[in-house]
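# I'll drop the sequence and a predicted model, then ask my questions.
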Amino acid sequence: MTRFGLAVLAYLVPTFALGFVWHLVLFEHAYKALAIYRADIIIPFGILAMLIQGTIFAWIFEKALVPWPAPVWLRTVVYGVGGALLSWSFTTIAVAAKNVMTSVPDYVAIETGFTLVQWIMVAPLTAMAFVKRARHAT
């Protein structure tokens, strides 16, 4: 598998696993109380969305961070912070702005937590997918 494919999987696999456990197991009661999600969640749509996101995020890492002459740890931090902020903007802030829910502050809090945990996992895994190539760029 290519490094790019591994980087896509570095986003897709932990995001799906965490999303499933976070939304449908650990905090299922909190999301039900928010009354924001449909009863019959369409998991294939979620996987498709994550695949699209993972492809775009892997492309960003490959084009912007692999060639950057900085230590891999710094590329990882920059990618993690940037990815988390971007994700947070469309999965938390935009959703809170346009969806009906019982508590916007509760939703923002729980989704912010999800985004932080997600990117703590995704950023290093993505960097590892490109690490050999990134070392050659330094």
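That came through fine. Residues are numbered from 1 along each chain as shown.

# so where's this structure uncertain?
133-138 (pLDDT under 70).

# got the buried residues for the longest helix seen in it?
The residue-count maximum for a helix in the chain (DSSP state H) belongs to helix 104-137. For helix 104-137, a neighbour-count test (16 or more other Cβ atoms under 10 Å) marks 106-108, 110-111, 114-115, 118-119, 121-131, 134 as buried. C-beta here means a position set from N, CA and C on the backbone, and glycine is covered the same way.

# Against which helices or strands is it packed?
helix 3-21, helix 28-34, helix 43-60, helix 72-88, helix 94-98 (3 or more Cβ pairs under 8 Å, 6 or more residues apart in numbering; DSSP states H and E).

# Compare the ones you listed and give me the one nearest Val66.
Val66 sits nearest to helix 72-88 of all the helices and strands packed on helix 104-137, at 7.8 Å, using Cβ to Cβ.

# contacts for stretch 72-88?
Outside stretch 72-88, the residues that touch it by Cβ atoms under 8 Å, 6 or more residues apart in numbering are 53, 57, 60-61, 65-66, 68, 70, 111-112, 115-116, 118-120, 122-124, 126-127, 131, 134-135, 138.

# Dump it to CSV, restricted to CA.
Taking Å, rounded to 0.1, in the frame of the first residue of the first chain, the C-alpha atoms of stretch 72-88 are listed here in CSV:
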residue,chain,number,x,y,z
VAL,A,72,8.5,15.3,12.1
TRP,A,73,7.2,16.0,15.6
LEU,A,74,6.6,19.7,14.6
ARG,A,75,4.9,18.6,11.4
THR,A,76,2.7,16.3,13.5
VAL,A,77,1.7,19.1,15.9
VAL,A,78,1.0,21.6,13.2
TYR,A,79,-1.1,19.0,11.3
GLY,A,80,-2.9,18.0,14.5
VAL,A,81,-3.8,21.5,15.5
GLY,A,82,-4.7,22.6,12.0
GLY,A,83,-6.8,19.4,11.4
ALA,A,84,-8.5,19.7,14.7
LEU,A,85,-9.4,23.3,14.2
LEU,A,86,-10.7,22.7,10.7
SER,A,87,-12.7,19.6,11.7
TRP,A,88,-14.1,21.4,14.8
